[in-house]
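Peer 1: no FASTA, just this:
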């Protein structure tokens, strides 16, 4: 499943083809409906169901809630069940999960933390400074605050007291050359207090190749 929150479309692979929802910009979720790229395509109701589940952002949606959203207040939940069955056949049962008593969901995170539509009425929201508000129902809120960090993201520091990250000594080089034929990467690394990846990098840098050993089964098959 591919989540493209920074692009103009959301899409993921399904057994019957590509499922796509165009437009994740402020008004996108209001007008967008899921569509299958290829055959068989999603019917309008199936597309509406998939879109509603994606709008739930990984949370469960009960049959009652889906019936109200798709057919209006007081709608019979039995109207939803055949639509769910058909949609699951097209996009895959693993995509639309079901649980007794909970309902249905498409697991994942599909909406940005910054709201683009009102969570109450699905109308596009307006922004003023760090606040957002909905002109249709009057709901408002504040954008999430940015958190300051002491340093940027980088690789994890080396373990204290080890030789990781330090230049290779002549003694280590000689040890590797002497034992490359009879020790594997993990054994060499353990003996030198290095990681197996560091040993692999050392061998590649110095163009030292480990000898190829034919598997025992292959030798027997060849001799037979």
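Peer 2: Okay, I see it. Bear in mind that the values here come from a model prediction, so they are computed numbers and not experimental data. Residues are numbered from 1 along each chain as shown.

Peer 1: ok, which stretches of the chain are helices?
Peer 2: With DSSP state H as the criterion, the chain has helices at 28-31, 44-55, 63-71, 80-91, 170-179, 185-192, 196-205, 216-223.

Peer 1: where does the chain dip in pLDDT?
Peer 2: Within the chain, the ranges that satisfy pLDDT under 70 run 1-41, 109-117, 119, 127, 129-130, 143-165, 210-224.

Peer 1: mind listing what's buried along stretch 89-106?
Peer 2: Buried residues in stretch 89-106, defined by neighbour count with 16 or more other Cβ atoms under 10 Å: 90-92, 95-97, 103-106. For glycine as for every other residue, the C-beta is placed from the backbone atoms N, C-alpha and C.

Peer 1: buried set for stretch 186-196?
Peer 2: 188-189, 192, 194-195.

Peer 1: distance of the closest residue to residue 137 other than its chain neighbours from residue 73?
Peer 2: Spatial nearest neighbour of residue 137, excluding adjacent residues (Cβ to Cβ, 6 or more residues apart in numbering): residue 121 at 4.6 Å. Per Cβ to Cβ, to the nearest Å, residue 121 is found 15 Å from residue 73.

Peer 1: residue 71: what's it in contact with?
Peer 2: Going by Cβ atoms under 8 Å, 6 or more residues apart in numbering, residue 71 touches residue 79.

Peer 1: can we see that at 10 Å?
Peer 2: Residues near residue 71 by Cβ atoms under 10 Å, 6 or more residues apart in numbering: 45, 77, 79-80.

Peer 1: and those residues, which two are the farthest apart?
Peer 2: 45 and 77 (14.4 Å; Cβ to Cβ).

Peer 1: could you break the chain into its assigned domains?
Peer 2: 9-105, 170-217 (automatic domain parsing).

Peer 1: before we move on, the earlier item: grab the two from the buried residues of stretch 89-106 that are most spread out in space.
Peer 2: 90 and 103 (19.0 Å).

Peer 1: how close does the closest residue to residue 81 other than its chain neighbours sit to residue 50?
Peer 2: Distances taken as Cβ to Cβ, 6+ apart place residue 63 nearest to residue 81, at 6.9 Å, with adjacent residues excluded. Relative to residue 50, residue 63 is positioned 15 Å away (Cβ to Cβ).

Peer 1: out of the two, which sits in the more crowded spot?
Peer 2: Between residue 63 and residue 50, counted using other Cβ atoms under 10 Å, the more crowded position is residue 50 (27 against 18).
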